[in-house]
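Student: Please find the sequence and the predicted model below.
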Amino acid sequence: MTSPTPVARRNAIPSEERPLIGTFESFYRSEYNHMVAMARALAPDRQAAEDLAQESFATAHRHWARVSRYDNPSAWVRRVMVNRATSMRRRIGAEIRAISKIGHDPDRGTVTDLSPDSTEVWEEVRRLPKRQQQAVVLHYVGQLSTDEIGAVMGCSGGTVKAHLHQAREHLRVQLTDTSQE
């Protein structure tokens, strides 16, 4: 006797245990633009932001049977995206350090979809320490509460408040100094 085909196995699962068809698709459609907006603040350019969002959703899709049962699947996808952004930032940093050792100044690309004022702000946000950057993006772009940000970042709401305070202070100093030159 041969084992059932994947389709036969899927059809053998009782309907109440099967994920609803279109559930992931509707989740994706409702969350995609919001995730890209958050990724845009974490990534060096729009394409990288879209890649971050897409990769995060692809991971959610692969694990949808489990992720769909979470109280807040969006928080899980945000966490994946923040982790991927951190990895991307490390990789870019390593590439820049390697290129600088050979005396070449890399062209990191320009942001074409933000106004000059916001470009300067988000470039400065991307210079913040990783945790401050994540807190700023999740708070201002993601519009999450400090407790929700803490859940995504794996820390307390108080720690998030400290990251936000430090980030705001750094941005105030940097953006004030820049505008007075």
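Tutor: In hand now; what should we look at?

Student: Could you look up the SS state of Tyr70?
Tutor: Reduced to three states with DSSP: H, G, I helix; E, B strand; the rest coil, the structure at Tyr70 is coil.

Student: and it, what is it in contact with?
Tutor: Applying Cβ atoms under 8 Å, 6 or more residues apart in numbering, we find Tyr70 in contact with Trp76. Quick note: C-beta positions are derived from backbone N, CA and C, even for glycine.

Student: rerun that using 10 Å as the cut-off
Tutor: Going by Cβ atoms under 10 Å, 6 or more residues apart in numbering, Tyr70 touches 60, 76-77.

Student: Test my guess that His139 contacts His165.
Tutor: No: the pair His139 / His165 is not scored as a contact, 11.3 Å apart, by Cβ atoms under 10 Å.

Student: Looking at those two, which is more packed in?
Tutor: His139 (19 against 12; other Cβ atoms under 10 Å).

Student: got the residue ranges for the helices in this structure?
Tutor: Using DSSP state H, the helices found in the chain span residues 6-12, 23-42, 46-62, 64-67, 73-101, 116-127, 130-136, 146-153, 157-179.

Student: which strands and helices sit next to the last one?
Tutor: Taking 3 or more Cβ pairs under 10 Å, 6 or more residues apart in numbering; DSSP states H and E as the contact definition, the neighbouring helices and strands of helix 157-179 are helix 116-127, helix 130-136, helix 146-153.

Student: Would you mind putting the ones you listed into CSV with mean neighbour count, mean pLDDT and distance to Ser26 alongside?
Tutor: Below are the helices and strands packed on helix 157-179 laid out as CSV (neighbours: other Cβ atoms under 10 Å; pLDDT from 0 to 100; distance: least, Cβ to Cβ, whole Å):
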stretch, mean neighbour count, mean pLDDT, distance to Ser26
helix 116-127, 15, 75, 30
helix 130-136, 23, 91, 27
helix 146-153, 20, 91, 22
